[in-house]
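**Student:** Structure, please.
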Amino acid sequence: MQFLLHPLKGAGITDGPDLARGEIETAPEAANALIAQCPRAAATPLVSADDLAKRLGVGQILIKDERGRMGLGSFKALGAAHAIAKAAARRVSDGTASDYATALAGETYVCASAGNHGLSVAAGAHVFGARAVVYLSEAVPEDFAGRLRSKGAKVVRAGDTYEASMAAAAKAAGGNGWQLLSDSSWVGYTELPRDVMEGYLIMGDEVARQIDSPPTHVFLQAGVGGLAAAGAATARRCWGGDVKIIVVEPEAAPALLESVRAGKPVTTIGPVSNMGRLDCKEPSHLALKYLARVADAFMTVTDAEALETVALLEKHDLATSPSGGAGIAGLHHIGTHAEEVGLGPASRVQCYLSEGPVDA
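**Tutor:** Numbering: from 1, shown residues only. The predicted structure is shown next:
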């Protein structure tokens with residue numbers, strides 16, 4: 001485990017040529033208004049896991065359960081689909097499209113995916129008349145490719161890692177005039193990933209309306225950092241500076257932790273993690289910039305620790321994947337670092353169960 005009590009809180013990372021310009025959206029009202037038009041939109045539950053709290057030695061654990069989100073099985077249903085819906089709404093509003101169902105006819109959205117982001121792209125493209133092409137690395141199981149095809153997406157295999165499939169998707173976008181839709185941001189590419197992260201604010205805003213009193217701690221799993229940034233935005237907007245925010249990454253991919261430590265975006269190197277959805281070696285710049293200012297601590301968990309937490313969660317009727325339970329794995333395995341963030345028997349901890357049990 002690595003644990004970094006945040007040295008940049010309040011100050012953040014200094015702007016430079018290697019850091020994307022811009023900031024994430026932190027207000028959820030526009031995203032809430034857009035999703036309200038979707039017939040499948042419904043709030044997911046906030047579960048009080050009292051027995052699990054006793055097992056982990058805290059006063060209360062409140063888990064936002066995203067496993068049933070809009071029939072797609074993860075929080076990412078709120079992301080890419082929101083970005084595509086926002087593009088469709090602009091066309092209807094400015095009169096270039098007459099209805100939502102055909103608003104994006106002729107457009108192709110292309111992405112790389114290690115999992116649920118691709119499903120969100122496929123679903124959003126289908127609703128608004130666009131085409132979806134999803135690049136997968138060879139490490140992504142074929143049953144997930146089948147799920148993408150069932151949503152109407154074309155699936156292309158490219159490379160052995162997510163990073164290789166991302167490079168192939170970007171090349172295809174440039175070569176074919178397609179719209180690249182990533183959930184990560186970098187220098188020169190920020191608008192669409194900002195829209196993706198804006199969709200994730202819906203999830204946190206639901207938590208704020210469902211919870212009866214503020215949590216003392218929020219544990220947030222992170223890949224490129226979109227979920228973590230959105231969850232942190234909710235925490236700071238609704239509960240102020242007292243709540244402790246802890247960002248949890250795979251030991252094999254500590255992109256945010258190492259970037260905060262370096263004071264600039266860095267690319268990490270490591271083996272493939274069983275937390276496949278979080279196995280991202282480079283951070284989203286917009287997410288990194290925000291988390292660098294507001295998070296209290298960054299930590300990593302090993303693949304073995306993630307599996308141990310998954311087994312524990314299953315015993316408490318909270319079946320998930322290593323990716324989906326990684327934030328809770330951070331709470332489970334924080335050990336002696338608990339004192340550094342004031343975590344104890346009276347703590348009220350809020351976490352996200354970000355997907356179902358198949359880590360595909």
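
**Student:** any low-confidence regions in the chain?
**Tutor:** The chain contains residues with pLDDT under 70 at 359-360.

**Student:** okay, now the domains of it?
**Tutor:** Structural domains assigned to the chain are 3-74+203-353, 80-182, following automatic domain parsing.

**Student:** for the last one, the distance to its chain's centre please.
**Tutor:** Distance of domain 80-182 from the chain centroid (C-alpha atoms, centre = their mean, to the nearest Å) equals 17 Å.

**Student:** how about the domains of the chain in a markdown table, adding mean neighbour count and distance to Arg194?
**Tutor:** No exception for glycine: its C-beta is placed from N, CA and C like everyone else's. Below are the domains of the chain laid out as a markdown table (neighbours: other C-beta atoms under 10 Å; distance: least, C-beta to C-beta, whole Å):
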| stretch | mean neighbour count | distance to Arg194 |
| --- | --- | --- |
| domain 3-74+203-353 | 20 | 6 |
| domain 80-182 | 20 | 9 |
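
**Student:** give me every residue that touches the residue nearest to the spatial centre of the chain.
**Tutor:** Closest to where the C-alpha atoms of the chain average out (C-alpha atoms, centre = their mean) is Leu227, at 3.1 Å. With contacts defined as C-beta atoms under 8 Å, 6 or more residues apart in numbering, Leu227 is in contact with Phe75, Tyr200, Leu220, Gln221, Tyr352, Ser354.

**Student:** Quick check: closest non-adjacent residue to the second one.
**Tutor:** Closest residue to Tyr200 apart from its sequence neighbours, by C-beta to C-beta, 6 or more residues apart in numbering: Ala230 at 3.5 Å.

**Student:** And for the fifth one?
**Tutor:** Distances taken as C-beta to C-beta, 6+ apart put Lys64 closest to Tyr352, at 4.8 Å, once the chain neighbours are dropped.

**Student:** wait, doesn't the one you found sit right on Leu46?
**Tutor:** Yes. Assessed by C-beta atoms under 8 Å, Lys64 is found in contact with Leu46 at 5.5 Å.

**Student:** anything in contact with each of those two?
**Tutor:** Common neighbours of Lys64 and Leu46 (criterion: C-beta under 8 Å, 6+ apart): Glu206, Val207.

**Student:** Could you measure from the closest residue to Ser113 other than its chain neighbours over to Asp183?
**Tutor:** Spatial nearest neighbour of Ser113, chain neighbours left out: Val134 (5.3 Å); criterion: C-beta to C-beta, 6+ apart. Distance, Val134 to Asp183, by C-beta to C-beta, to the nearest Å: 13 Å.

**Student:** Now the longest helix seen in the chain - C-alpha only, PDB.
**Tutor:** Assignment by DSSP state H gives helix 191-210 as the longest helix of the chain. Only the C-alpha atoms of helix 191-210 are listed here, as PDB (Å, rounded to 0.1, in the frame of the first residue of the first chain):
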ATOM      1  CA  GLU A 191     -14.800  19.600 -23.600                       C
ATOM      2  CA  LEU A 192     -16.300  16.200 -23.900                       C
ATOM      3  CA  PRO A 193     -14.600  14.600 -20.900                       C
ATOM      4  CA  ARG A 194     -15.900  17.600 -18.900                       C
ATOM      5  CA  ASP A 195     -19.400  16.800 -20.100                       C
ATOM      6  CA  VAL A 196     -18.900  13.100 -19.100                       C
ATOM      7  CA  MET A 197     -17.800  14.100 -15.600                       C
ATOM      8  CA  GLU A 198     -20.700  16.500 -15.400                       C
ATOM      9  CA  GLY A 199     -23.100  13.500 -15.800                       C
ATOM     10  CA  TYR A 200     -21.500  11.800 -12.800                       C
ATOM     11  CA  LEU A 201     -22.500  14.800 -10.600                       C
ATOM     12  CA  ILE A 202     -26.100  13.300 -10.800                       C
ATOM     13  CA  MET A 203     -25.000  10.400  -8.700                       C
ATOM     14  CA  GLY A 204     -23.400  12.600  -5.900                       C
ATOM     15  CA  ASP A 205     -26.400  15.000  -5.900                       C
ATOM     16  CA  GLU A 206     -28.700  12.000  -5.300                       C
ATOM     17  CA  VAL A 207     -26.500  11.100  -2.300                       C
ATOM     18  CA  ALA A 208     -26.800  14.600  -0.900                       C
ATOM     19  CA  ARG A 209     -30.600  14.400  -1.100                       C
ATOM     20  CA  GLN A 210     -30.700  10.800   0.300                       C
END
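
**Student:** Sounds good, over and out.
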